[in-house]
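J.: Provided below are the primary sequence and the corresponding predicted coordinates.
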Amino acid sequence: MLDGAARATRTVDVPEPVYDDEERPSRELTGGVARIVGGVALTITLLALWQVFRPLPQGSQYYLIFFLAGALPLVFLAYRSGARLPVLGGGDRPALADWALAVLTAAVCLYPVLPFRGGYDGFLDRQGLLDPVDVLLGAFLLLLVLEAARRTTGWVLPLVCLAFLAYGYYGGLLPQDWSVAHAGLDFSQIVDALYNSGSGFYGTPLDVAATYIVLFTIYGAVLDLSGAGRFFVDLSVAAFRRSRSAAGRTAVTAGFLLGTVSGSGTATAVSVGAVTWPILRRAGYPAERAGGMLAAAGVGAILSPPTLGAAAFIVAEYLGVSYLIVLGWATIPTILYYLGILLAVEIDARKLCTRQVSPEAGSPWRLLARFGYHFSSLIVIVALLAVGVSATRAVVYATLLAFALAFLDRRTRPTLSSTAAALAAGTRGVLPVAAVCAAAGIITATTTKTGLGTQLASLLIRGARALSDNPQVVLALTVLAAAVALSLLGLAVPVTASFIIGWVIVGPALLDLGVPGPAVAMFVFYYSVLSEVTPPTALAAVGAASITGGRIVPTMWQALRYALPAFLAPIAFVLTPAGSYLLGRGPVLDIAWATAAAMAGVGALAIATGGWVLGVGEAGTPARVCAALGGLLLLYLDPVGIAGGSALVAAAVALTLISARASSTASSTSPTVAPSVAPSVAPSVAPSAASGESSAAPMSESSERGVEA
């Protein structure tokens with residue numbers, strides 16, 4: 001018989017997670033098509049696991065050819081084309097054209113390793129001297145990669161890739177006195193760089209997708225199979241039940257815990273929202289504000305160790321460091337991010353006068369005692385990385401542990417079919433990433449062949465120096481331009497592609513100005529991620545709005561409000577040398593004071609965006625302006641800036657305190673309300689509370705007392 005904690009977990013149904021944000025809705029495949037796709041996905045999973053312990057002797061590019069030959073055809077079967085095409089059997093099934101594209105893709109991808117014309121070695125020997133057949137098949141693969149990217153992410157990324165291809169082909173026609181001009185590439189040179197080199201389609205982005213990301217998506221699928229996602233949400237619901245801000249805390253904590261294994265902002269927001277939105281609604285949160293909170297908390301999943309977003313693995317590869325080091329760099333920024341959201345939650349609880357909600361849930365201690373073993377696989381990943389085990393082997397061992405622990409709960413005890421389905425689902429989750437990474441190879445190869453990154457970096461720095469000769473001002477202007485460019489770029493393309501483009505274009509400019517590589521990489525990474533809550537796209541906000549039923553655009557603006565302090569914190573990484581302390585790089589005492597100053601800065605920005613000083617009351621416009629300026633100075637991490645910022649924050653608190661006392665004095669001298677009014681308030685509010693519906697208008701203190709009565 002199950003104990004109370006186990007019974008409590010039955011009350012929460014967590015939707016099946018999606019393991020990547022860079023994904024448009026895929027088909028719900030059934031029948032024979034589902035078995036074919038599942039079988040190929042399972043084969044890719046087994047190949048990826050085999051590659052960890054017995055790498056193919058021909059090298060990583062040889063393995064990537066097989067990986068792309070398996071993953072790319074599945075994109076055409078699992079994702080819709082958007083066109084009305086004849087379908088065998090009707091329904092939402094792949095059309096005849098989809099099957100044809102899948103077969104063509106497999107043939108074109110496998111061509112370099114087929115036993116014809118010298119096989120794989122012969123294909124490599126023709127590097128730089130491709131014959132017409134090589135060029136033709138490479139051109140076909142280029143078109144297929146662009147179409148796969150279009151199906152999974154939309155038109156923008158393919159159009160960006162085409163713009164880079166046009167630059168590579170026509171760049172030689174530009175006036176040679178232009179800094180971005182180059183000698184020009186003919187079509188065969190472009191195809192050679194994409195199809196028969198270590199960059200292009202088989203460059204670092206696809207290598208990361210095929211060796212790291214696929215293993216982590218498999219781990220996430222197995223962890224979900226074990227019931228960990230359900231446990232994380234249950235624990236969050238049970239942990240906060242005794243305050244007006246409990247509902248918001250529950251949503252944020254659930255987003256963080258579920259995000260540690262998901263690595264997907266939109267999926268986390270949807271999964272957590274399905275469980276916590278009824279609680280938030282009963283507490284009195286308007287739909288748009290609740291959706292913004294869920295979106296901001298979900299996006300933190302891409303920033304939260306130990307399973308950061310896909311771009312974090314590319315950071316490790318580009319900088320040649322261990323993934324554990326990247327996790328260390330992300331720790332303090334993650335704390336700052338969630339601190340800002342939690343402070344906003346506490347402010348909202350006071351401004352909205354939210355109600356205390358007591359959802360049916362077991363004791364958090366009983367839940368931990370019964371199901372706390374779900375944390376063990378997360379701990380194992382970090383522990384193995386710390387002792388020098390590679391990230392790929394660490395996640396495989398953690399996956400095996402999560403699979404073994406699934407047998408401890410009879411509701412999640414794996415069977416052969418459920419295990420195969422979970423492994424296949426893990427690979428299906430990486431399909432859009434594989435398409436994006438292959439397409440990103442077009443950008444990186446073109447940039448490398450033409451030297452565009454260096455030229456744009458020089459152009460960006462010259463533009464800043466035209467406005468000032470002061471090195472610090474030049475750096476500040478360059479950082480500001482980079483932040484704006486990355487934010488705009490993130491509106492159009494997925495996180496992974498946004499990071500890759502930002503790294504090859506914005507990164508060199510900051511590196512040339514003396515900013516350390518880790519600071520540049522994390523700056524680009526965070527601004528690429530934060531585009532998920534930036535209007536007008538904000539995919540996480542769109543997903544959250546679909547759960548709460550709120551209007552999409554207002555939900556986006558609410559998500560931006562919750563995450564706004566996080567938009568400014570990454571600037572501290574690159575603006576001053578002390579910014580590296582926020583990445584955990586430097587002496588312990590320096591890291592401690594920089595973290596404290598940054599936390600104070602985030603708190604000040606929360607006052608500015610929320611309009612409330614905790615423990616004092618509502619902040620007026622002058623106080624919010626002082627808090628905003630004080631937060632910016634604190635994040636500058638300079639002794640003078642910290643002193644000035646602290647003074648401004650103190651002034652904001654003082655102004656709020658004076659205003660609160662003045663309001664209190666005015667209310668104490670005003671005529672008291674007749675007791676006969678109270679009974680008329682309670683009935684008007686009680687039905688709303690009983691129905692669980694929230695009002696967009698904040699509840700007054702008297703209304704809240706009426707509900708409690």
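T.: That came in fine, so what should we check first? Residues are numbered from 1 along each chain as shown.

J.: now this structure, which segments are flagged as low pLDDT?
T.: Residues of the chain that meet the criterion pLDDT under 70 lie in 1-25, 85-92, 241-242, 259-265, 309, 357-362, 490-492, 536-538, 667-709.

J.: quick check: longest helix of it.
T.: When the chain is parsed with DSSP state H, its longest helix is helix 639-669.

J.: Tell me the buried residues in that one?
T.: Residues of helix 639-669 classed as buried: 641-642, 644-646, 648-649, 651-653, 655-657, 659-660 (neighbour count, 16 or more other CB atoms under 10 Å). For every residue, glycine as well, the C-beta is placed using N, CA and C.

J.: hey, where'd the helices end up in the stretch 301-450 of the chain?
T.: Using DSSP state H, counting those that start in this stretch, the helices of the stretch 301-450 of the chain run over 310-319, 323-351, 364-371, 376-386, 391-405, 416-429, 431-450.

J.: Next, please give the residue ranges for the strands of the chain.
T.: Per DSSP state E, the chain carries strands over the ranges 612-613, 617-618.

J.: For the first one, enumerate its sheet partners and note whether each is parallel or antiparallel.
T.: If you go by DSSP bridges, strand 612-613 pairs up with strand 617-618 (antiparallel).

J.: Can I get the strands of the chain in CSV including distance to Leu486 and mean neighbour count?
T.: Converted to CSV, the strands of the chain look like this (distance: least, CB to CB, whole Å; neighbours: other CB atoms under 10 Å):
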stretch, distance to Leu486, mean neighbour count
strand 612-613, 30, 25
strand 617-618, 34, 16
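
J.: From Ser664, how far out is Gly82?
T.: 61 Å (CB to CB, to the nearest Å).

J.: just Phe123 next, same as before
T.: Using CB to CB, Phe123 is found at 80 Å from Ser664.

J.: same thing with Ala594?
T.: Look at Ala594 and Ser664: by CB to CB, they are 38 Å apart.

J.: And for Asp348?
T.: With distances taken as CB to CB, Asp348 is found 22 Å from Ser664.

J.: Make sure Ala295 is actually in contact with Val533.
T.: Yes - look at Ala295 against Val533 with CB atoms under 8 Å: they come within range, at 5.6 Å.

J.: wouldn't Arg289 be in contact with Lys351 here?
T.: No - with contact defined as CB under 8 Å, Arg289 does not reach Lys351; the gap is 9.9 Å.

J.: Give me the number of neighbouring residues for Val484.
T.: Val484 has 11 neighbouring residues, counting by other CB atoms under 10 Å.

J.: again, but for the one 10 residues further on
T.: Counted with other CB under 10 Å, the burial measure for Pro494 works out to 31 neighbours.

J.: Confirm for me that it is in contact with Ala439.
T.: No - with contact defined as CB under 8 Å, Pro494 and Ala439 do not form a contacting pair (9.8 Å).

J.: Report the set of residues contacting both of those two.
T.: Residues touching both Pro494 and Ala439 (CB atoms under 8 Å, 6 or more residues apart in numbering): Leu157.

J.: hang on, the earlier thing: can you pick out the most distant pair from the buried residues of helix 639-669?
T.: Spatial extent of the buried residues of helix 639-669 (CB to CB) is set by the pair Gly641 and Ala660 at 28.3 Å.

J.: Quick one: residues contacting the nearest residue in space to Gln51 that is not next to it in sequence.
T.: In space, and not counting its chain neighbours, Gln51 is closest to Tyr63: 5.5 Å by CB to CB, 6 or more residues apart in numbering. Residues in contact with Tyr63 (CB under 8 Å, 6+ apart) are 47, 51, 55-56, 210.

J.: State the distance from Phe76 to Ala251.
T.: From Phe76 across to Ala251, the span is 37 Å (CB to CB).

J.: For the two, work out which one has more neighbours and name it.
T.: Ala251 (33 against 25).

J.: Let me see the contact set for that one.
T.: Counting by CB under 8 Å, 6+ apart, Ala251 makes contact with 236, 272-273, 276, 279-280, 290, 293-294, 297.

J.: Relative to Ala69, which of those is nearest.
T.: Val272 (36.5 Å).

J.: Run a quick neighbour tally on that closest one.
T.: Neighbour count of Val272, defined by other CB under 10 Å: 34.

J.: again, but for Trp155
T.: Close neighbours of Trp155, defined as other CB under 10 Å, add up to 11.

J.: for it, phi and psi?
T.: phi -80, psi -20 (degrees, to the nearest 10).

J.: Can you tell me how far it is from Ala545?
T.: Computed as CB to CB, the Trp155 to Ala545 distance reads 23 Å.

J.: And for Gly119?
T.: According to CB to CB, Gly119 and Ala545 sit 53 Å apart.

J.: More neighbours: those two, which one.
T.: Ranked by neighbour count (other CB under 10 Å), Gly119 and Ala545 place Ala545 first, with 28 against 13.
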